[in-house]
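S.K.: Take this sequence and fold it.
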Amino acid sequence: MSSPSPLSRFTVAALSVAVGLVITAQAHAEASADAASAKQMDTVVVTATGAQQWIRDAPASISVITREEIERKPVSSIGQLLSTVPGVTGGYALSGAQSKIKLRGLPEQYTLILIDGRRQGNSSGVNYRDDLGPQDLNWLSPDMIERIEVVRGPMSSLYGSDAMGGVINIITRKIANEWGGSVTYNYSKPDSDTRGNTTQMGALFSGPLTPNLGLRVGANVTNRESDTGARQTPGNKAQNYNALLNWRINDDHTVGVEASRGEQRNTGAGAVGAWGLSKLVQTGYVVMHDGRYGDASTSKTTLVQNDYEDKGSTVGNHAKETVFDTAFTRSFDWGFEQNINVGGQWKREQLENNNTIGTVPVTWTGTGRISPTAEADSWALFAEDHITLHERFILTVGLRWDNTDNYDDNLSPRIYGVWHPADAWTIRGGVSEGFRAPTLKQGTAGAATQSGGNGCTALTAEGWTNRSVSADGTTGCYMAGNPDLEPETSTNYEIGVGFDQGGWSASATYFLTDFDDKIQQVPLREIPGQSTSFVNGFWWTVAQNVQKARTRGVEASVTVPLHERLSWTTNATRMLESKNRSTGASLLVVPRITGNTSLDWQVTDAWSLNLSAQHIGEQLVSATSATFAKAYTTVDLVTGFDVNESLTLRAGVLNVGDVSTIEEGNNYDGGARTFFVGATARF
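M.R.: Numbers count the residues shown, from 1 in each chain. Predicted coordinates for the structure are as follows:
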């Protein structure tokens, strides 16, 4: 391992100094009036338990991106916002693998994406290969977002499969009591002739139609012109529309109906090739009911259907997910104050992919399907109890049972404690189990994805080379599914401490995740009954539960009030381990250290300045050749001015130093120095 770069040492040193300042200041800080007044200044979150609670009491490591942060810069990708959260890597580019968000070093498929607590669905199966399309984060107008909650660590006890790494919950703005809304315009121009400009326009309108009926309508169009230089960023045009109708039956019951539609088009120009589908269309429908029963009980029920369709080709691949969720929450006191949350879920997944399902050129198992479709149903029941054992200690215990077609039942328990030894201090930690069921393509015998070579290296020992040619004239190999797979499982441990008083705050968390039954493509000969991986002129790998893996690291953050109008916030994540325990190989291409620091200056009541920097440490580019990309740091400078209550202007420079990630040896494009201007009008 090479020694840390000066920038890496500077980031860690700055963090250490800030932590020291916090601890020193705490000795001189006045005690808060009481715990209740402290909570009034706290943030309310919902994702960690499915119900509202103070963030300092949440049984999970959770961060919140506020409305103010969303409005600060042009949001052409929500991933770029998330990249500044502790424990998060990715979001460093607008396309490719590094545009995707990873929580605590786990690939994007281990992160569940929700909108208002509802599953967003998954478009990955529509692509030829699951990892060749964008993450499903940008199907919502930024004007509609109130905040984003990011929970790091397995949440399978509450949300089931796909939440093994964590949960991203995008919370939308409520329907206003009076008619009003906002219109936003942003224009970005890179400081390079080979880079494309970006135009973004969004709008939100909401208000009452009758005393009991409310309407919210949102829309957004983002057009990012394609770059033209080699290895740079392709173009993308995205548009989405959303309408929500809420009927308040009475003070205790509300029914809502929501519909959404979005399109994402990807294009290339010059030496830049498109990334993802040329035209992906999303359609979503939601029916929901919120109920209250007395002062102690509430319920929430939703029926959601999300559909993703490839309309850029004649093949017509599409994925559909239908989910029914219901949950009931009740508070009571049986010697201890308790808040119990019980519920269930039914889910049906359907996938049609004419490119990969039912196209096996050689049916090596004898069970390959002719139909290009696959589907699966699953059921789940869960219960969580949040027990106040002491006015300063809350214990959460939870258990979820999942039953999925073709797989054994799975139990996901969780136990988590939150202790406030003093009003300003919080100690939290727990153990939780996570699981992830195989995707429809992974579990289908008749599914085969052709790899040009990157997915075939496991065959080298049998004589495969990158020049090997199969019977159909292609190089590479076929990666087949396996109906005998079992779900991946994990055990997560974390312990953290936090301090928050008088504007000062600091926190640090250690996390460790052990995986079992990790799914990996292995040579066909490793499957019982198969003696070779070269069958009838074709090279084969097959999905198999063969590996154990481990990730562990430390997250830390600090906020220092330098002045009543000036604050400094810094966070860092250090990955201590991320490897395959079966082979010893590196598990993921993630930076060893990432850091973010930000100075927020409220110059006047109307004028604000923000100076921020993001440090991406040395990271592995190629595991086979042990090639590492250099660390780098980018700096952004933005300003905003409230002309009045109805108009806000903004401007800034992103990547002030014009740092090129490609020149630092990375395999992705982080963009060039970019100037932007924007405005938001409210009415």
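S.K.: Verify the contact between Asp57 and Val418 for me.
M.R.: Yes: under the criterion of CB atoms under 8 Å, Asp57 is in contact with Val418, at a separation of 5.6 Å. (Glycine included, C-beta is placed from N, CA and C.)
S.K.: higher neighbour count, the two?
M.R.: For Asp57 and Val418, the more surrounded residue by other CB atoms under 10 Å is Val418, and the numbers stand at 23 against 19.
S.K.: So which elements touch the helix or strand hosting that one?
M.R.: Taking DSSP states H and E as the definition, Val418 sits inside strand 410-422. With contacts taken as 3 or more CB pairs under 8 Å, 6 or more residues apart in numbering; DSSP states H and E, strand 410-422 sits against helix 156-159, strand 393-404, strand 425-436.
S.K.: mind listing what it pairs with, with the direction of each?
M.R.: Sheet partners assigned to strand 410-422 using DSSP bridges are listed as strand 393-404 (antiparallel), strand 425-436 (antiparallel).
S.K.: can you tell which of these is closest to Asp658?
M.R.: With CB to CB as the criterion, Asp658 lies closest to strand 425-436 of these, at 40.0 Å.
S.K.: what about the stretch 401-550 of the chain, any weak spots by pLDDT?
M.R.: The model of the stretch 401-550 of the chain has no residue with pLDDT under 70.
S.K.: At which residues are the strands of it located?
M.R.: Assigned by DSSP state E, counting those that start in this stretch, the strands in the stretch 401-550 of the chain fall at 410-422, 425-436, 448-451, 477-480, 488-501, 504-523, 534-535, 538-563.
S.K.: Quick one, which of the ones you listed gets closest to Val304.
M.R.: Ranking the strands of the stretch 401-550 of the chain by proximity to Val304 (CB to CB) places strand 425-436 first, at 19.9 Å.
S.K.: Mind listing what's buried along the closest one?
M.R.: Neighbour-count burial for strand 425-436 flags Trp425, Thr426, Arg428, Gly429, Gly430, Ser432, Glu433, Gly434, Phe435, Arg436 (criterion: 16 or more other CB atoms under 10 Å).
S.K.: Out of the residues you listed, flag the one nearest to Val44.
M.R.: Among the buried residues of strand 425-436, and counting by CB to CB, the member closest to Val44 is Thr426, at 15.9 Å.
S.K.: Quickly list what the closest one is bridged to.
M.R.: The partner residues for Thr426, given DSSP bridges, come to Gly498.
S.K.: Ok, Val677 next?
M.R.: Applying DSSP bridges, one finds that Val677 bridges with Tyr187, Ala651.
S.K.: And it, how far from Gly652?
M.R.: The gap separating Val677 from Gly652 is 8 Å, by CB to CB, to the nearest Å.
S.K.: thinking again about what came up before, shared neighbours, Asp57 and Val418?
M.R.: By the contact definition CB atoms under 8 Å, 6 or more residues apart in numbering, Asp57 and Val418 are jointly contacted by Ile394.
S.K.: can you redo the strands of the stretch 401-550 of the chain as JSON lines with distance to Leu647?
M.R.: Output for those, formatted as JSON lines (distance: least, CB to CB, whole Å):
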{"stretch": "strand 410-422", "distance to Leu647": "42"}
{"stretch": "strand 425-436", "distance to Leu647": "40"}
{"stretch": "strand 448-451", "distance to Leu647": "51"}
{"stretch": "strand 477-480", "distance to Leu647": "54"}
{"stretch": "strand 488-501", "distance to Leu647": "34"}
{"stretch": "strand 504-523", "distance to Leu647": "32"}
{"stretch": "strand 534-535", "distance to Leu647": "67"}
{"stretch": "strand 538-563", "distance to Leu647": "27"}
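S.K.: With respect to burial, which of those strands scores highest?
M.R.: Of all the strands of the stretch 401-550 of the chain, strand 477-480 carries the top mean neighbour count, a mean of 26, counting by mean count of other CB atoms under 10 Å.
S.K.: Starting from it, tell me which strands it pairs with and how they run.
M.R.: strand 448-451 (antiparallel), strand 538-563 (parallel).
S.K.: Next SSE downstream of the longest one?
M.R.: Next helix or strand after strand 538-563 toward the C-terminus (DSSP H and E): strand 566-580.
S.K.: Just the buried positions in that next one, please.
M.R.: For strand 566-580, a neighbour-count test (16+ other CB under 10 Å) marks Ser567, Trp568, Thr569, Thr570, Asn571, Ala572, Thr573, Arg574, Met575, Ser578, Lys579, Asn580 as buried.
S.K.: Same check on stretch 281-295?
M.R.: Across stretch 281-295, burial judged by 16+ other CB under 10 Å covers Val281, Gln282, Thr283, Gly284, Val286, Met288, Asp290.
S.K.: what's it in contact with?
M.R.: Stretch 281-295 has contacts (CB under 8 Å, 6+ apart) with 118, 121, 123, 136, 139, 240, 251-264, 298-309, 311.
S.K.: Correct me if wrong: Gly498 contacts Ser507.
M.R.: Yes: counting by CB under 8 Å, Gly498 touches Ser507, with 3.7 Å between them.
S.K.: ok, what's across the strand from Ile62?
M.R.: With DSSP bridges as the criterion, the beta-bridge partners of Ile62 are Val151.
S.K.: returning to what we had before: pick out the most distant pair among the buried residues of strand 566-580.
M.R.: Comparing every pair within the buried residues of strand 566-580 by CB to CB identifies Ser567 and Asn580 as the most remote, at 41.4 Å.
S.K.: isn't Leu213 right up against Ile249?
M.R.: No: checked against CB under 8 Å, the pair Leu213 and Ile249 is beyond contact range at 10.3 Å.
S.K.: Give the burial count for Trp179, as a bare number.
M.R.: Neighbour number of Trp179 under other CB under 10 Å is 13.
S.K.: how close does it sit to His563?
M.R.: Trp179 sits 39 Å away from His563 when distances are taken as CB to CB.
S.K.: Could you do Glu149 as well?
M.R.: 29 Å.
S.K.: Spatially nearest residue to Gly229 (excluding sequence neighbours)?
M.R.: Nearest non-adjacent residue to Gly229, counting by CB to CB, 6 or more residues apart in numbering: Thr194, 3.7 Å away.
S.K.: Assign that neighbour to helix, strand or coil.
M.R.: Applying DSSP: H, G, I helix; E, B strand; the rest coil to Thr194 yields a three-state assignment of coil.
S.K.: what's it in contact with, if anything?
M.R.: With contact set as CB under 8 Å, 6+ apart, Thr194 has these partners: Asp227, Thr228, Gly229, Gln232, Gly270.
S.K.: try 10 Å
M.R.: By CB atoms under 10 Å, 6 or more residues apart in numbering, the contact list for Thr194 reads Asp227, Thr228, Gly229, Ala230, Gln232, Ala269, Gly270, Ala271, Val272, Ala672.
S.K.: For the fifth one, list the residues it contacts.
M.R.: Put plainly, it is Gln232. For Gln232, the residues meeting the contact criterion (CB under 10 Å, 6+ apart) are 95, 190, 192, 194-196, 226, 268-272, 660, 662, 669, 671-672.
S.K.: Of the residues you listed, which qualify as buried by neighbour count?
M.R.: Members of the contacts of Gln232 that pass the buried threshold by neighbour count (16+ other CB under 10 Å) are listed as 95, 190, 192, 195-196, 226, 268-269, 272, 660, 669, 671-672.
S.K.: what sits opposite the closest residue to Gln544 other than its chain neighbours in the beta ladder?
M.R.: Using CB to CB, 6+ apart and skipping the chain neighbours, the partner closest in space to Gln544 is Val522 (4.7 Å). Note on Val522: beta-bridge partners Val542, judged by DSSP bridges.
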